[in-house]
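**Q** task: produce atomic coordinates for the following.
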Amino acid sequence: MRSFISVTACLSFILLSGCYYGAPTPMPRGYSSYNQELKSVDGAKVRQIGYDYSLDNNKAALDEFLPIAQELAEMLDEKLPSGMDRVYLNIPANTAFYNSFDHLLRGELSQLGYVLVSPDNSDNAMRVDFVAKPIPTECKPNNLYIALAINVIDNLPSDIIGDFYNAPTYGYRPAGFVEIDIPKCVSK
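**A** The predicted structure follows:
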């Protein structure tokens, strides 16, 4: 029995000392004990968003979009029937432009008291599609007609709220299938 305890103690010491000294052992230790950098496969190439990303640049870009999102949310609040508090916001593409507006519109609608729902829970919710269309050159200094299309069925909305804006176009490209007519431009 005594020799069994001695052998067990020796083996335990050898295995445990491998955690601090020597070459790799079957005991998991991660990369930190080898004094080497973490070895991993290179990630996917980052997609361009229209500006060099940094926290400051991202905040500046969102600050440019914010007044437009606030105005659209207020116009939507005036247009929706009272008692309609569930909204399904549909954004047509996954780009910096559309994702920025999605983020800001959701924040503004939440502040106005709307419950934002996912497509899976969109029963008894008003579908609102975000639409951005390029405008004719005579409408300068504005560059986009930005609207919210309400209750879109078969690509046709029952109502539209929107206006001409000089909006940043980080990652903008025409997207979506909502059919709207752009009104004639009027300079502000």
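
**Q** so where do the strands sit in the chain?
**A** Using DSSP state E, the strands of the chain run over 86-90, 115-116, 126-134, 144-150, 159-165.

**Q** burial-wise, tell me which of those comes out on top.
**A** strand 144-150 (a mean of 23; mean count of other CB atoms under 10 Å). All C-beta spots, glycine's among them, are computed from the backbone N, C-alpha and C.

**Q** what lines up beside that one in the sheet?
**A** Within its sheet, strand 144-150 is paired with strand 126-134 (antiparallel), strand 159-165 (antiparallel), according to DSSP bridges.

**Q** what angle do it and strand 86-90 make?
**A** 140 degrees (axes from the mean of the first three to the mean of the last three CA atoms, to 10 degrees).

**Q** center of this structure, which residue is that?
**A** residue 99 (4.6 Å; CA atoms, centre = their mean).

**Q** what's the pLDDT at the spatially closest residue to that residue that is not a sequence neighbour?
**A** Excluding the flanking residues, the one nearest residue 99 by CB to CB, 6 or more residues apart in numbering is residue 91, at 7.2 Å. Note on residue 91: pLDDT of 90.

**Q** residue 91 is in contact with residue 100, isn't it?
**A** No. Counting by CB atoms under 8 Å, residue 100 is not a contact partner of residue 91; they are 9.9 Å apart.

**Q** number of nearby residues for residue 60?
**A** Number of residues near residue 60 (other CB atoms under 10 Å) recorded here: 12.

**Q** right, I mislabeled it, should have said residue 67
**A** So residue 67, with other CB under 10 Å, has 12 neighbours.

**Q** relative orientation of the longest helix anywhere in the chain and strand 144-150 in degrees?
**A** Of all segments of type helix in the chain, defined using DSSP state H, the longest is helix 55-79. Here helix 55-79 runs at an angle of 50 degrees relative to strand 144-150 (the same axes, to 10 degrees).

**Q** just checking, what packs against helix 55-79?
**A** helix 96-111, strand 144-150, strand 159-165 (3 or more CB pairs under 8 Å, 6 or more residues apart in numbering; DSSP states H and E).

**Q** put the alpha carbons of the last one into PDB.
**A** In PDB, the C-alpha atoms belonging to strand 159-165 read as follows (Å, rounded to 0.1, in the frame of the first residue of the first chain):
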ATOM      1  CA  ASP A 159     -49.900  55.400 -47.300                       C
ATOM      2  CA  ILE A 160     -46.500  57.000 -47.500                       C
ATOM      3  CA  ILE A 161     -44.700  59.600 -45.400                       C
ATOM      4  CA  GLY A 162     -41.500  61.100 -46.500                       C
ATOM      5  CA  ASP A 163     -39.600  64.100 -47.900                       C
ATOM      6  CA  PHE A 164     -36.500  65.100 -49.900                       C
ATOM      7  CA  TYR A 165     -33.300  65.000 -47.800                       C
END
